Structure formats: C-alpha cells, structure tokens
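Asks: quick check, what structure comes out for this input:
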Amino acid sequence: MKKKLLSVILTAVFATTSLTAFGAPVFADDEEDYDEINISWLTTMTLDHAATDPIVEAINAITEPEAGVHVNIVFYDPGTYATQIPMEIQANEKLDLLMYTPIPGSGFQSFYRQGQLLNIREYLEEDGQDALEAVGDLIEGTTGADGGIYGVPSNRTLGSTLYAIMRTDVLEELGLKEKAENMTSWTEFEEILKEVVEKTDYAGIGNSDVNGSVLAVSPYYTGDDSFANNRGFDSLGDTNYLIASDGEGHAESYFGSENYRKEVERAQKWYDEGLIYKDAAVSQEYNINLMKTGAVFSVLSAAELGGEEISESTCGFDLTYTKIADSVCGTDATHKFGFAVPICSTDPEAAVRFLNLLYTNSDINNLLGWGLEGRDWVEKDGEADYPDGVTSDNVVYHMSDYLGNQFITLPWAGSGADFREVQKAYQDELVYSPYMGFVADTDEITNEVTACFGIIEQYRKQLASGSSGDWEKNLDEMNSKLEAAGIDKVVECYQTQLDAWLAAQE
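Replies: Modelled structure (predicted):
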C-alpha cells in the first residue's frame, strides 16, 4: 500500500482556514506505508492543534495496524463546514470521507442530489460488513433509486423530543422551577421569560441553530399555544425543510403553512417584548453553547434520550427540561448525521475500511466523542467523566456521542453504566413515521429547490428570530417569491411520489 500525500491545494486550504479548521497530518513513526485518507469532521467548540493532534495520533495507533489506514482529520466549526466542504469537492481536492449534517448545504440530500457522493455499496460489501450490520435497516435511508449506497447513517437513538431547556439555577433563584417543570403552554413560558428578563441580566431565549431559529425549530410544528397540540413532522427526506407532511399522506410547504405563520408571529411578539436574544439572527453561537456563554436563560432544542446529561456536562450547570413536542422518526433521521465518500476521494476503499472501524471500535468512538483519555475524560464505574480538576470550562476537547456508533461509546457521567442498554430498549420501542424509507427523486425539481432555498436564506433568520419588523409583510413577500420560484412544483413532486410509494406499500 502506497502512502498518498496531501495535495498542495489541500495544504493551502488548511492555511487559509486555520482559524476554524485543524488537521495537519500526523504521520506514523515507523517505516511502514499506509493508505492515507483525509476526513472532514464537524465540531461544536473552538479547537486548536494541541487539542486535536493527540487524538488523531491515538486514532492512527488503532487504524494503521488494524486497517492499514492513516487518517488526517480536519476539524471544522459549524459556520465553516457547510461552505468549505462543497468547495473542496468542487475543486476536486483530496477529501476521502465527509460527515453529512443537518446544516443546510452539507446535508445528505444536498451532496447526493448534486452528484457529489460515490456509490460505496461494493466497498461496504467487501470491507464494511460490520458497519452495515451495525446500522441494519437504516441503510435504506441512504440507498439511491439505483440501488447504490451513498452514505452510512450514524448508529444512534433516533427518537428525540423538542424541549424548552432552561437554567435551573435561575429558576430556583426566582422561585419558578415548579412552574417551569409543569408549564403546558407558550403563554406560561412567556410569563417565565418576562420575569427572568426583568430580574436578571440574561436574555430570555436564544437561537437553537445558526439559522436564527428561536421558536420555529424544524422539523416541528410549534404554532399552537398548547404544547399538547404541537408535534414533529416528517420532512420526507428534505433536509432543507421546504417540505412538511401531516402523517395522513399529504405534503405541504413548511414555510407556507399556517403553523409556521403562527411561529413567526409569536417570535416577533416576543422579540418586541425584549424576550428574545437580540443577536439571534446573526449569532454563530447557538443552542447549549449559547447558554454556556451566559448570554441566554433558555433555548428550544431537540434532545435524544440521555441528552440532558451531555448538555449539562457541556454547560457546567444544571438544566431543566420541559417537553414541547415529540418528533416523528422518518427517513430524514438517517440524514442528520452520517458519513459518505465524496467523488473526489482518491481511495474510497481505505475510507470504507476506516468507516468499518468507526462502527465497531469503541476506543475510536470514545476518542472522537469525549477526547483523549486521562486528559479530557476518565472512566468511572462504567461511565466517562471529567478527570479531577477538569470541568466543562477548561476541558480541551469534548464533543458528543451521536457520531459513528453511539451504542459502543461510553455513556457520559450521570447517565448510568447501563445507559446503552436503556437506549437500545428505547430504540426497539420507537414509533416510526409511516413514510420511513421513502426518499423522493428530486432531479426534476433541482432548479426549483435551489431557487426556493435561496429565497428562504434571504428571509428566515429574521423571521425565525422575531427581528424582521413587519413580519406579515416579510412572510407574505417570502411566500410570494417562493410561489414564483416553483414551491408548488416542489410540493407536487413530493406528493406524486409519496402517493406512488404509499400505493406500493399496500
């Protein structure tokens, strides 16, 4: 096996993105040659080489002897990932394995529809059997109409719940904890936020993502005042969330729905009342990390079973979770996080050999999830926990466990040593969308989808954060432009194929 050196172009990319991406090659100390691959990795915290190099070295100590593969991992922040990775593919740079994510522009469907992913079925059947066995039927979500496999979903708990996540210490200080735990409506939540804003220095609620989403969090409908009437929806595989479904065989425009209109109206009202973080539309910090900075009291966020412990370990303080709505587990769940081989890969076989280890080797999962053992975490009674003297404020590296194979990653402290068994039992009881496995062929509407997404990008941050001013005028203007760009054709395409798919299931 010949070692494949990094291209001059990729070296230049590293240099020009040094503030947000890290991953200088870490070569083996011995004289053996290994197949060398480059991997892009999405992170949620600021990193430098001191944090990542020892982790990459430890991974190579496993992959080189076990798979004959030397890995170079480039760590990107969310604001950079969605623009940098498509650029690297288009420039035909050496990138052998990428993460697809829920971030628009770096989603599975975005890469797949642009023809940027390789069919890796042959490689998986030859060198990735263990990865295929680990994900099981989930592989159907990343299987194309031609029968090719274009990605491998992360093996994790797929069911999630939308929560209002609040700082427990603030609730206790204001005597609001019981009210927060038992609130059942947006009206009650608003009352809590008003008291928090009046009596503390915190903004009431912040954005849950880089798109400024405060109350309009896809794929959930949260327009009704009563939490009991809010629900998740199946986006039918559309990671741009242009499309929503009602569970009764109907597709519709999410941004043109009455539910979205109510979400935007409430966001504007709360913003005008001073309850929403003023920088929500432009902030690159979001969700739990925004709470960690001390900027906001609360966020809305979807969390899986065990997410509370992980979030608290990230923040460093206790959190109170109040349920807003349950999700619908559809094909898009397999598109949120996973791995694919881009068409610019020079060694897809080696990429799949690494992928096979990722889904079977717990040490690699612990390294990428929790960091370097002894420095970032230690094992205590079957759980991963911070070493003595290390906290969420000073830990060098700390991510999460939803990438790769969650079920072979040590659970984080507070979850319980048997938490993976609990998660598996939960997964076995999960109720899936009636459209699980449905994937639309959107080739005929590529232009319309691109045009509609461009329009959404012009408006949604302001609308979703409540900072648009005249929300009715702006929302109506956005939807008029969407109609002119072909949103009705997009909905019709999904509806026609969904009808045919449902008929085939009978």
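Asks: got the domain ranges for this protein?
Replies: According to automatic domain parsing, the chain comprises the domains 8-157+334-428, 160-328, 443-460+469-505.
Asks: closest one to Tyr435 among these?
Replies: For the domains of the chain, the distance to Tyr435 is smallest for domain 160-328, at 5.2 Å, taking C-beta to C-beta. Bear in mind the C-beta positions are built from the backbone N, C-alpha and C, glycine included.
Asks: pLDDT on that closest one, on average?
Replies: The average pLDDT for domain 160-328 rounds to 91.
Asks: next one: that domain to chain centre, how far?
Replies: 16 Å (C-alpha atoms, centre = their mean, to the nearest Å).
Asks: export the domains of the chain as TSV, with columns for distance to Tyr435 and mean neighbour count.
Replies: Listed next are the domains of the chain as TSV, based on distance: least, C-beta to C-beta, whole Å; neighbours: other C-beta atoms under 10 Å:
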stretch	distance to Tyr435	mean neighbour count
domain 8-157+334-428	11	19
domain 160-328	5	20
domain 443-460+469-505	7	16
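Asks: now tabulate those domains in JSON lines and tack on distance to Gly437.
Replies: Converted to JSON lines, those look like this (distance: least, C-beta to C-beta, whole Å):
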{"stretch": "domain 8-157+334-428", "distance to Gly437": "5"}
{"stretch": "domain 160-328", "distance to Gly437": "10"}
{"stretch": "domain 443-460+469-505", "distance to Gly437": "8"}
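Asks: out of these, flag the one nearest Pro434.
Replies: That would be, of the domains of the chain and by C-beta to C-beta, domain 160-328, which comes in at 6.6 Å.
Asks: for that closest one, how far is the first residue from the last?
Replies: Between the start and the finish of domain 160-328 there is a gap of 8 Å, counting by C-alpha to C-alpha, to the nearest Å.
Asks: in which helix or strand does Ser40 reside?
Replies: Here Ser40 is covered by strand 35-42, with elements defined by DSSP states H and E.
Asks: what of Met99?
Replies: Assigned by DSSP H and E, Met99 falls in strand 98-100.
Asks: same thing with Ala500?
Replies: Counting by DSSP H and E, Ala500 is found in helix 487-505.
Asks: elements contacting that helix?
Replies: strand 243-245, strand 251-253, helix 446-465 (3 or more C-beta pairs under 8 Å, 6 or more residues apart in numbering; DSSP states H and E).
Asks: show me how far the strand holding Ser40 is from its chain's centre.
Replies: 19 Å.
Asks: only alpha carbons, please: show that strand as PDB.
Replies: Output in PDB follows, covering the C-alpha atoms of strand 35-42 (Å, rounded to 0.1, in the frame of the first residue of the first chain):
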ATOM      1  CA  ASP A  35      -3.200   4.200   2.700                       C
ATOM      2  CA  GLU A  36      -3.700   7.800   3.700                       C
ATOM      3  CA  ILE A  37      -7.100   9.400   3.800                       C
ATOM      4  CA  ASN A  38      -8.400  12.900   4.600                       C
ATOM      5  CA  ILE A  39     -11.600  13.200   6.700                       C
ATOM      6  CA  SER A  40     -13.700  16.300   7.400                       C
ATOM      7  CA  TRP A  41     -15.200  16.500  10.900                       C
ATOM      8  CA  LEU A  42     -17.800  18.900  12.300                       C
END
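Asks: and the next helix or strand past it?
Replies: helix 49-67.
Asks: tilt between that next one and strand 35-42?
Replies: 130 degrees (axes from the mean of the first three to the mean of the last three C-alpha atoms, to 10 degrees).
Asks: tell me what helix 49-67 is packed against?
Replies: Partner elements for helix 49-67 (3+ C-beta pairs under 8 Å, 6+ apart): strand 21-22, strand 69-76, helix 348-358, helix 362-370.
Asks: before we move on, the earlier item: what's the closest of the helices and strands packed on helix 487-505 to Thr187?
Replies: Per C-beta to C-beta, nearest to Thr187 of those: helix 446-465, 20.2 Å.
Asks: so the residue nearest the centre of the chain, which of the three states?
Replies: Nearest to the geometric centre of the chain sits Pro102, at 4.4 Å (C-alpha atoms, centre = their mean). For Pro102, the assignment made with DSSP: H, G, I helix; E, B strand; the rest coil gives coil.
Asks: 48 is where my numbering starts, stick with that
Replies: Renumbered: residue one is now 48, and that last one reads Pro149.
Asks: might one say that it is in contact with Ala380?
Replies: No: contact between Pro149 and Ala380 fails when scored by C-beta atoms under 8 Å: they sit 10.3 Å apart.
Asks: please give me every residue in contact with the nearest residue to the residue nearest to the centre of the chain once chain neighbours are set aside.
Replies: Counting by C-beta to C-beta, 6 or more residues apart in numbering, Lys383 is the residue found nearest to Pro149 once chain neighbours are left out, at 4.9 Å. Contact partners of Lys383, counting by C-beta atoms under 8 Å, 6 or more residues apart in numbering, are Thr148, Pro149, Ser201.
Asks: and the first one, what are its phi and psi?
Replies: Meaning Thr148. With angles defined as degrees, to the nearest 10, Thr148 sits at phi -140, psi 170.
Asks: that one and Trp88 touch, don't they?
Replies: No: Thr148 is not in contact with Trp88 according to C-beta under 8 Å; the separation is 10.4 Å.
Asks: against Gly385, how distant is the closest residue to Ala387 other than its chain neighbours?
Replies: Counting by C-beta to C-beta, 6+ apart, Ala387 lies nearest to Gly198, which is 4.0 Å off, once chain neighbours are set aside. Going from Gly198 to Gly385 by C-beta to C-beta, to the nearest Å gives 5 Å.
Asks: which neighbours do these two have in common?
Replies: In contact with both Gly198 and Gly385: Tyr147, Phe155, Thr189, using C-beta under 8 Å, 6+ apart.
Asks: ok, now which ones touch the second one?
Replies: With contacts taken as C-beta under 8 Å, 6+ apart, Phe155 has the following neighbours: Tyr147, Thr189, Tyr197, Gly198, Thr286, Thr381, His382, Gly385, Ala387.
Asks: next, format the residues you listed as a markdown table and append distance to Tyr210.
Replies: Output for the contacts of Phe155, formatted as a markdown table (distance: C-beta to C-beta, whole Å):
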| residue | distance to Tyr210 |
| --- | --- |
| Tyr147 | 25 |
| Thr189 | 28 |
| Tyr197 | 32 |
| Gly198 | 28 |
| Thr286 | 22 |
| Thr381 | 22 |
| His382 | 22 |
| Gly385 | 24 |
| Ala387 | 30 |
